[in-house]
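S.K.: let's see this in three dimensions:
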Amino acid sequence: MAFEFLREELTEARYIRRPNEVTGASGFDLSEDFYEHLLALQQMRYENPAWAQKYAKDTLRYMNFSQVRTGATDLHNLAAILSNPSKFNDKVTDLDNISFDEFKFKRYLRDIIGGKEHRAQDRQMFLAMQKNLGIRNSFLRNARRVIGDYNLSTDSERKQVSSRLVNVFRRDGQFRSDMFKSYATTVSNKGLLIEPEQQQAIQGGGKIPGWVKGAAVIAGAYALGRKYF
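M.R.: Next comes the predicted model:
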C-alpha cells in the first residue's frame, strides 16, 4: 500500500494486454473502443491537460504502432490492431473494411504533448476517423460534435456526453482501461456527471462486445464505476 501512488502514475495496458485477448472480436467493435478512448482523451485536453499530455506521451512511447504491448497504453494497443490488419486478421474480423490514418494520429498526439491546439485540423481528423473507422453509433457521432467544439459546447451538452461516455466505458468492460479511472474521476470532480437517477435514463447506448464474456464482468464494471459518483 505504501507504493499505491506509484501504481496510479504508471500507464500500461489493462483493457488489452496481449494479442490473443481480442480473438473473436469485430474490427468495428474495436474501432468504437478506439474512438471512445480518443474522444475521452480529447475532452481531457480541456479538463485535465496535464494528464492528457502524459497519456499522449505514454501512447507514443514506442514511436510506432507495430504490435500490442503490455507496457503500452490501451489507446496504443487499439491503434496497433487497427493499423495492422494483416497481423490480426486471424483473430479479428472486418479489419480489411477499416482504414486507419497513423500519420494524423501521431500528429495529434504530438500536438497534445507539445501543448499545441489546431481546432479546425482536429475537428477534421475526428470526422475523418469517424468515417474511416466505420463509426455508426449515434452517441459517438454526437459526442464527436460536442467534444470537437468543446469551447462552444454548453454545460448541459458536456454533462450529457461525460455521463454517457462513463456509462459506455462501464458497459463495454472498459472499466479495466488505463484511462477509465482518471477520466471518471476528472469529470466527477468537475461536476460533469448527471445525477444517478438521470444517468439511468441515458444508459441505453453502448454495447457489450461478444468477446467480453460473463455477467461477472458487467457487475464488476458497474460496482467499480459507482465508486466515482
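
S.K.: use CA for all of it now, contacts and neighbours both
M.R.: Fine.

S.K.: thinking Asn48 is in contact with Thr186, fair?
M.R.: Yes: using CA atoms under 8 Å as the test, Asn48 is close enough to Thr186 to be in contact (7.0 Å).

S.K.: list the buried residues in stretch 106-123.
M.R.: Along stretch 106-123, these residues count as buried under the neighbour rule (16 or more other CA atoms under 10 Å): Lys106, Tyr108, Leu109, Arg110, Asp111, Ile112, Ile113, Asp122, Arg123.

S.K.: which two of those residues have the greatest separation?
M.R.: Across the buried residues of stretch 106-123, no pair lies farther apart than Ile113 and Arg123, at 17.9 Å, counting by CA to CA.

S.K.: in terms of secondary structure, what does the lengthiest helix in the chain contact?
M.R.: When the chain is scanned for its longest helix (criterion: DSSP state H), the result is helix 27-47. With contacts defined as 3 or more CA pairs under 8 Å, 6 or more residues apart in numbering; DSSP states H and E, the secondary structure elements packing on helix 27-47 are helix 49-59, helix 74-82, helix 138-148, helix 155-171, helix 180-189.

S.K.: nearest to Glu32, out of the ones you listed?
M.R.: Using CA to CA as the criterion, the shortest distance between Glu32 and those is 8.1 Å, found for helix 138-148.

S.K.: what angle separates the longest helix of the chain from helix 138-148?
M.R.: Note on geometry: by axes from the mean of the first three to the mean of the last three CA atoms, to 10 degrees, helix 27-47 and helix 138-148 are set 30 degrees apart in direction.

S.K.: what about helix 27-47, average pLDDT?
M.R.: Confidence for helix 27-47, expressed as mean pLDDT, is 96.

S.K.: touching it from outside, list them.
M.R.: With contact meaning CA atoms under 8 Å, 6 or more residues apart in numbering, helix 27-47 is reached by 51-53, 75, 78-79, 82, 92-95, 98, 112, 130, 133-135, 137, 140, 143-144, 147-148, 150, 165, 169, 179, 183, 186-187, 190, 209.

S.K.: got the contact list for Asn132?
M.R.: Contacts were defined as CA under 8 Å, 6+ apart; by that measure Asn132 touches Ile98, Ser99, Phe100.

S.K.: repeat that with 10 Å
M.R.: Ser31, Asn97, Ile98, Ser99, Phe100, Asp101, Phe126 (CA atoms under 10 Å, 6 or more residues apart in numbering).

S.K.: what about the protein, any weak spots by pLDDT?
M.R.: For the chain, residues meeting the criterion pLDDT under 70 lie at 1-11, 172-175, 196-229.

S.K.: for Thr73, see how far away the spatially most central residue of it is.
M.R.: The geometric centre of the chain, computed from its C-alpha atoms, lies nearest to His37 (CA atoms, centre = their mean), at 1.0 Å. For His37, the distance to Thr73 equals 11 Å [CA to CA, to the nearest Å].

S.K.: got it, and Asn142?
M.R.: The gap separating Asn142 from Thr73 is 26 Å, by CA to CA.

S.K.: these two - which one has more neighbours?
M.R.: Shown here are Asn142 and Thr73; by other CA atoms under 10 Å, Thr73 has more neighbours (29 against 13).
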